[in-house]
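Q: Just the structure for this:
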Amino acid sequence: MHCFFTKSQTNLSWIWHKRFSHLNFKNLFKISNQDLVRGLPKFSVVKDKMCSACEQGKQTKSSFKPKSCSSISVPLHLLHMDLFGPIPVRSLGGNKYTLVVVDEFTRFTWVIFLKKKSQAAQEIISLIRKNETLTGLKVKQLRSDHGTEFRNSTLEEFCDHKGIGQNFSAPRTPQQNGVAERRNRTLIEAGRTLMIHAGLPMSFWAEAVNTACFTQNRSLIHRIHKKTPYEMLKDRKPDVSFFHVFGCICYILNQRDPRSKFEPKADKGIFVGYSSISKAFRVFHVNRQCVEESIHVKFDEESYTDEKVTHSPSIFQDLLSCPFDEAPSTEDKIDSSEPIIPVPCSLNQDIAATSADDSLGADETLEAEDSPETDNVSVSIPPESASVIVHRDHPVDRIIGNIHDGVRTRSSVLNNFCMYVNFVSMILPDKVYTALQDADWIKAMQEELNEFERHKVWTLVPRPSGKTITGTRWVYRNKVDKDGIITRNKARLVAQGFTQIESIDYGETFAPVARIEAIRLFLAYASYMNFIVYQMDVKTAFLHGVLEEEVFLNQPPGFVYKDHPDYVYRLDKAVYGLKQAPRAWYETLTSYLLENGYRRGAIDNTLFIKKKAQIWFLFKFMSMTLFWLSK
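A: As a prediction, the model looks like this:
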């Protein structure tokens with residue numbers, strides 16, 4: 001009888017559980033036994049099985065109780081790591097990701113800024129090696145999520161070789177990597193606050209996070225040991241006497257630019273953090289658009305910039321592809337965490353390691369304990385051309401012509417019109433016969449043939465048998481000035497390339513020509529770096545190109561040798577109209593530039609770079625036009 005009663009009670013509780021929209025049994029028991037409603041019988045609630053509908057509809061994540069104390073008792077035994085990003089705006093060093101590494105025992109934190117996730121593995125390896133060398137301790141375990149930046153063959157092979165265990169959190173369970181996740185939040189909140197207070201744009205996010213990490217390592221108190229992470233790792237109290245307000249106005253001694261006796265000795269800047277490789281402050285120079293490091297800085301911690309701070313990234317970095325090698329000097333070492341901006345050639349990996357030594361006294365030696373890789377601690381400051389004042393308007397002395405003159409019309413230059421009539425022909429012939437009736441056009445054609453002789457383009461030879469003879473024709477143009485007045489008669493002898501036979505008279509014909517986007521980047525970079533731009537049009541450019549194939553031309557119409565009317569010209573160099581002429585010109589120019597110390601751009605084959613001492617030469621090839629930069 002008792003068994004039937006228990007079964008009845010159980011069935012009744014499950015029925016009312018379903019009637020109450022799957023109410024939990026705890027509340028169902030209270031309602032039943034405390035007479036909170038009418039019509040509900042009293043019964044003992046028994047949950048003897050699982051409700052499939054409740055499990056599917058009400059499933060929640062498991063709770064993660066904080067550990068009362070850590071089982072780790074030495075630094076570097078366990079490293080927590082996580083990566084956040086991409087940040088929509090690139091940092092001053094061109095980075096979009098931040099790798100955060102936290103030591104389990106000391107809670108000391110390192111931040112490393114990356115351009116790509118794939119760089120994380122190598123940076124972790126460098127960080128481990130460096131800290132093991134500095135402390136004499138060994139890393140035993142790594143804890144991270146399942147991201148490919150942590151689960152890859154590079155890091156796995158390193159851990160297997162070193163005997164380091166890799167711990168991964170369960171998929172989509174960030175709570176199991178809570179130490180690194182929470183530190184991410186702390187750093188992001190602190191960095192955001194620093195930028196808001198200083199009024200700096202988003203491009204300063206890496207500088208703000210780096211500064212926040214630097215100060216937090218010297219300020220957060222360990223919950224159990226009641227010490228800062230710095231003291232836990234270094235076994236000495238940190239010195240914070242050199243701390244200053246992030247984003248405040250400061251004045252940096254100008255030791256780079258030559259100045260007269262009465263020019264200012266210091267430049268105005270914005271304080272953006274501390275160097276991780278030297279006893280120096282990091283200062284953003286607004287006019288130079290770069291971050292400089294110096295110990296000779298004075299701070300005005302009550303003032304902030306009223307100007308709108310902007311940063312112009314190095315738009316030419318991909319085109320240059322790091323062609324310059326600088327010889328670093330001892331005095332010009334800077335932090336590789338956020339390299340000087342703009343940097344056309346040292347944008348590899350930015351390491352924003354967060355620890356420098358306690359004080360910034362000039363007589364002490366730095367322990368660069370937080371820089372993840374010892375190879376990255378010596379980066380030279382780029383030459384002065386990389387730090388320039390950018391003017392909004394083009395300098396007046398660089399403008400050709402008098403900008404104060406009014407608009408000139410054709411009627412205003414009629415007085416000068418007669419000067420040109422006496423020296424050039426006003427007609428444009430459509431046939432050779434017509435041109436041969438005008439002395440000015442005969443002179444123009446003779447000038448063209450003189451160029452052929454001067455460049456040793458051809459040789460008159462008997463007509464070969466079994467060879468294709470390419471025809472020639474004259475092309476006539478009247479050159480005009482900006483006012484539309486004819487200033488020159490130009491005659492050009494061109495080959496009838498449509499008669500050439502492929503694989504016999506010519507082979508390769510492709511020649512790269514600069515795209516308009518590349519030209520714009522080139523000129524924008526020149527303006528940004530304050531370079532002088534020269535434009536040079538090569539006269540009869542194609543006549544410089546050396547031919548590899550054997551090509552024969554008919555004698556020019558109107559200029560046939562009377563003694564050898566059947567002879568033809570064998571070409572040693574290219575002429576206009578030949579299929580291979582553009583390529584021959586490009587190959588000739590390329591060979592000349594490479595032999596004279598230039599390097600061809602890795603991305604743009606029409607860009608050639610040369611650096612000699614403090615002079616940069618950049619050639620931009622565009623058909624018959626060369627753009628030349630120098631500093």
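Q: now stretch 157-173: mean pLDDT?
A: Here stretch 157-173 scores 88 as its mean pLDDT.
Q: neighbours around residue 177, how many?
A: A count of neighbours around residue 177, defined by other Cβ atoms under 10 Å, yields 22. Yep, even glycine has a C-beta here, placed from its N, CA and C like the rest.
Q: backbone phi and psi for it, please?
A: phi -120, psi 40 (degrees, to the nearest 10).
Q: Excluding residues flanking it in the chain, which one is nearest it?
A: Residue nearest to residue 177 in three dimensions, not counting chain neighbours: residue 169, with 4.4 Å by Cβ to Cβ, 6 or more residues apart in numbering.
Q: What distance do you get for that neighbour to residue 217?
A: Residue 169 sits 24 Å away from residue 217, taking Cβ to Cβ, to the nearest Å as the criterion.
Q: neighbour-wise, which of the two wins?
A: For the pair residue 169 and residue 217, the greater number of neighbours falls to residue 217 (24 against 18), based on other Cβ under 10 Å.
Q: I'd assumed residue 108 was in contact with that one.
A: Yes. Between residue 217 and residue 108 there is a contact at 5.8 Å, judged by Cβ atoms under 8 Å.
Q: sorry, back to before: let me know the distance separating the residue nearest to residue 177 from residue 180.
A: Residue 169 is 10 Å from residue 180, by Cβ to Cβ.
Q: shared neighbours of those two, anything?
A: 143-144 (Cβ atoms under 8 Å, 6 or more residues apart in numbering).
Q: Pull out the buried positions in the longest helix along the chain.
A: Longest helix of the chain, by residue count under DSSP state H: helix 178-198. Neighbour-count burial for helix 178-198 flags 178-181, 183-184, 187-188, 190-191, 194-195, 198 (criterion: 16 or more other Cβ atoms under 10 Å).
Q: And the contacts of that helix?
A: Residues contacting helix 178-198 (Cβ under 8 Å, 6+ apart): 64, 80-82, 84, 98, 100-102, 104, 107, 109, 111, 143-144, 174-175, 201-202, 204-205, 208-209, 211-213, 216, 246-248, 270, 304.
Q: Contact partners for the closest residue to residue 221 other than its chain neighbours?
A: Among residues not flanking residue 221 along the chain, residue 228 sits closest, at 6.6 Å (Cβ to Cβ, 6+ apart). Contacts for residue 228 (Cβ under 8 Å, 6+ apart) come out as 217-222, 237-238.
Q: In the protein, where is pLDDT below threshold?
A: In the predicted model of the chain, residues 1-10, 45-46, 61-70, 305-423, 613-631 satisfy pLDDT under 70.
Q: Can you pull the domain assignment for it?
A: 2-57, 78-234, 248-356+377-386, 420-630 (automatic domain parsing).
Q: Buried members of the contacts of residue 228 into PyMOL, please.
A: In PyMOL, this line selects whichever of the contacts of residue 228 come out buried by 16+ other Cβ under 10 Å:
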select buried, resi 217+218+220+238
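Q: mind listing the helices in the stretch 201-350 of the chain by residue range?
A: Taking DSSP state H, counting those that start in this stretch as the criterion, the stretch 201-350 of the chain contains helices spanning 205-216, 229-234, 317-320.
Q: which one of the ones you listed lies closest to residue 163?
A: Closest approach to residue 163 among these is made by helix 229-234 (22.3 Å; Cβ to Cβ).
Q: what about the strands in the stretch 401-550 of the chain?
A: 458-461, 469-470, 472-480, 486-495, 532-537, 546-553 (DSSP state E, counting those that start in this stretch).
Q: In TSV: those strands, plus distance to residue 118.
A: Output for the strands of the stretch 401-550 of the chain, formatted as TSV (distance: least, Cβ to Cβ, whole Å):
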stretch	distance to residue 118
strand 458-461	56
strand 469-470	53
strand 472-480	55
strand 486-495	51
strand 532-537	37
strand 546-553	43
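Q: looking at those, which is closest to residue 609?
A: Proximity to residue 609 (Cβ to Cβ) singles out strand 532-537 among the strands of the stretch 401-550 of the chain, at 14.7 Å.
Q: tell me which strands and helices the closest one is in contact with?
A: Strand 532-537 sits against helix 516-528, strand 625-630, with contacts defined as 3 or more Cβ pairs under 8 Å, 6 or more residues apart in numbering; DSSP states H and E.
Q: Go through it and flag the buried ones.
A: Buried-residue list, strand 532-537, by 16+ other Cβ under 10 Å: empty.
Q: List the neighbouring strands of it plus their orientation.
A: Sheet pairing of strand 532-537 (DSSP bridges) gives strand 625-630 (antiparallel).
Q: about what we covered before: format the domains of the chain as JSON lines; extra columns: distance to residue 71.
A: Output for the domains of the chain, formatted as JSON lines (distance: least, Cβ to Cβ, whole Å):
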{"stretch": "domain 2-57", "distance to residue 71": "34"}
{"stretch": "domain 78-234", "distance to residue 71": "9"}
{"stretch": "domain 248-356+377-386", "distance to residue 71": "26"}
{"stretch": "domain 420-630", "distance to residue 71": "51"}
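Q: how about those, which one is nearest residue 72?
A: domain 78-234 (4.7 Å).
Q: Need the distance between the two termini of the closest one.
A: Length of domain 78-234, first residue to last, Cα to Cα, to the nearest Å: 17 Å.
Q: Which one of the strands of the stretch 401-550 of the chain lies nearest to residue 514?
A: Here strand 532-537 is closest among those (Cβ to Cβ), at 12.7 Å.
Q: still on that earlier bit, between the strands of the stretch 401-550 of the chain, which gets nearest to residue 266?
A: Of all the strands of the stretch 401-550 of the chain, strand 532-537 comes closest under Cβ to Cβ, at 28.5 Å.
Q: from the chain's centre, how far out does that closest one sit?
A: 26 Å (Cα atoms, centre = their mean, to the nearest Å).
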